[in-house]
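Chemist: take a look and give me a structure for this.
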Amino acid sequence: MKKKKKSILPLVAMIFALAALAVSVLGLASVPEDNNHLFDDVRAENEQLQAQVQTLEDRVAALETQLEQLMTVVNLQSWQLVVTPWTDSTGADVSFIATPSVYQDGVTAELLVILDGKQVALESCKWDGSAFLASVSLNAADGYCYYCLLTTPTGTRQLALMTPDSPDAGAAVYLQSGLSAYCNLVVNDWIEDPGKSLVLTDAYAQVQLPDSSISGQVKIEKAEVVLRLNRNDSVRLPIKLTPSEVEGSWELVIKDLQIPMPTLKNFDNLELCLEVTLSDGRKLSAFGVAWSLEDGKLISSVG
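Modeler: Prediction:
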């Protein structure tokens, strides 16, 4: 039995296919140099597309940054109200300094001041590169309310700074009380010996210093109990006051203060007062008690 011979036609066909491929490749390799500009055009278009893609990527990054900024809640990191009294103490300039938690374009601030439910000032803040700054001039009064109107790309919010309800309400809120100073002298009991001495056995002296002054911190230069006879000074006794539990308040509880008594005539009048001189030049005075001599006896009139 004879074996069948394998056909070589498939092999020949493969050889012809390879030959045709070789001719094609050689044909491409032999493209005239005049067609090289086609490759340059394609390369230029590719570079333009890459530049456009980069531009789009930059825009997307910018949009993502803007979105992040819009989603950021801007608050006041810190702030303060600084009171600078006028020379005559009838009012003061209140300066507002605030640092935001983050600053971005479009963020602005205003200082709003309200008194008795009415707007008395609305001042736009300046941005100095690190903080918002504003200043308003206010007459002396108590009960001021301060707010910051903070405007961001997402809208405007009113932030309460300081009001009478604030636990730390100070001179900026109680501007009149903070600028004023006063003293008191309360005389409850005494022992008198006309012509010899007057002893205060139950009395109380108090001085309230201003929270603010054009000259800075105010101190007590001198405090005296003054006894006047018929409105003329008879005796001046210096006293020393100490700080009380109330900020800016000084006091003295008097249990045994002996005051020399002048010689009195019938219907003479005595008056006991407290006089205080402050370091800013102010002089305070408070009436305590008055007496008149009638038939050899002192008749009092408590103030």
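Chemist: how about the strands of the stretch 201-303 of the chain, start to end?
Modeler: Under the criterion DSSP state E, counting those that start in this stretch, the stretch 201-303 of the chain contains strands at 220-229, 232-238, 242-243, 249-254, 257-260, 269-278, 283-294, 297-302.
Chemist: by mean pLDDT, show me the worst of these.
Modeler: Ranked by mean pLDDT, the strands of the stretch 201-303 of the chain end with strand 297-302 in last place, scoring a mean of 78.
Chemist: what about the helices in the stretch 1-150 of the chain?
Modeler: 9-29, 36-71 (DSSP state H, counting those that start in this stretch).
Chemist: which strand residues bridge residue 82?
Modeler: Residue 82 has these beta-bridge partners by DSSP bridges: residue 95.
Chemist: okay but it is in contact with residue 133, surely?
Modeler: No. Between residue 82 and residue 133 there is no contact under C-beta atoms under 8 Å: 10.7 Å. For glycine as for every other residue, the C-beta is placed from the backbone atoms N, C-alpha and C.
Chemist: common neighbours of these two, please.
Modeler: Counting by C-beta atoms under 8 Å, 6 or more residues apart in numbering, the residues touching both residue 82 and residue 133 are 95, 97.
Chemist: what distance do you get for the residue nearest the centre of the chain to residue 149?
Modeler: Closest to where the C-alpha atoms of the chain average out (C-alpha atoms, centre = their mean) is residue 80, at 1.6 Å. Per C-beta to C-beta, to the nearest Å, residue 80 is found 17 Å from residue 149.
Chemist: ok, now residue 256?
Modeler: With distances taken as C-beta to C-beta, residue 256 is found 59 Å from residue 149.
Chemist: quick one: which of those two has more around it?
Modeler: Neighbour totals were compared for residue 256 and residue 149, and residue 149 leads with 16 against 10 (other C-beta atoms under 10 Å).
Chemist: poorly predicted segments of this protein, please.
Modeler: Scanning the chain with the threshold set as pLDDT under 70 gives 1-39, 60-73, 212-216, 302-303.
Chemist: coming back round to it: okay, now the closest residue to the residue nearest to the centre of the chain other than its chain neighbours: neighbour count?
Modeler: Closest residue to residue 80 apart from its sequence neighbours, by C-beta to C-beta, 6 or more residues apart in numbering: residue 97 at 5.3 Å. Residues lying near residue 97 (other C-beta under 10 Å) number 16.
Chemist: now swap in the one 3 residues further on and tell me
Modeler: By other C-beta under 10 Å, the residues close to residue 100 number 21.
Chemist: so what's residue 236 up against?
Modeler: Each residue near residue 236 by C-beta under 8 Å, 6+ apart is listed here: 224-227.
Chemist: for those, pick the one with the most neighbours.
Modeler: residue 225 (23 neighbours).
Chemist: wait, that residue touches residue 257, no?
Modeler: Yes. Here residue 225 lies in contact with residue 257, judged by C-beta under 8 Å, at a distance of 6.8 Å.
Chemist: which neighbours do these two share?
Modeler: 200, 237, 239.
Chemist: domain parsing for the protein?
Modeler: Under the assignment automatic domain parsing, the domains of the chain span 76-177, 181-302.
Chemist: nearest to residue 44, of those?
Modeler: Residue 44 lies closest to domain 76-177 among the domains of the chain, at 37.8 Å (C-beta to C-beta).
Chemist: distance between the ends of the closest one?
Modeler: 28 Å (C-alpha to C-alpha, to the nearest Å).
Chemist: distance between that domain and the chain's centre?
Modeler: Distance of domain 76-177 from its chain centroid, counting by C-alpha atoms, centre = their mean, to the nearest Å, is 7 Å.
Chemist: do the same with stretch 244-264
Modeler: Centroid displacement of stretch 244-264 relative to its chain, using C-alpha atoms, centre = their mean, is 39 Å.
Chemist: contact partners of it?
Modeler: By C-beta under 8 Å, 6+ apart, the list of residues contacting stretch 244-264 reads 192-211, 220, 223, 225, 227, 229, 234-235, 237, 239-243, 270, 272, 293.
Chemist: buried members of the residues you listed into ChimeraX, please.
Modeler: To isolate the buried ones among the contacts of stretch 244-264 in ChimeraX, judged by 16 or more other C-beta atoms under 10 Å, type:
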select :192,194,198,199,200,203,205,206,207,208,209,210,211,220,223,225,227,229,235,241,270,272,293
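Chemist: residues in contact with the residue nearest to residue 80?
Modeler: 79-80, 82, 131-133.
Chemist: the closest residue to residue 289 other than its chain neighbours: neighbour count?
Modeler: In this structure, residue 289 finds its nearest non-sequential neighbour in residue 187, 4.2 Å apart by C-beta to C-beta, 6+ apart. When counting by other C-beta under 10 Å, one arrives at 23 neighbours for residue 187.
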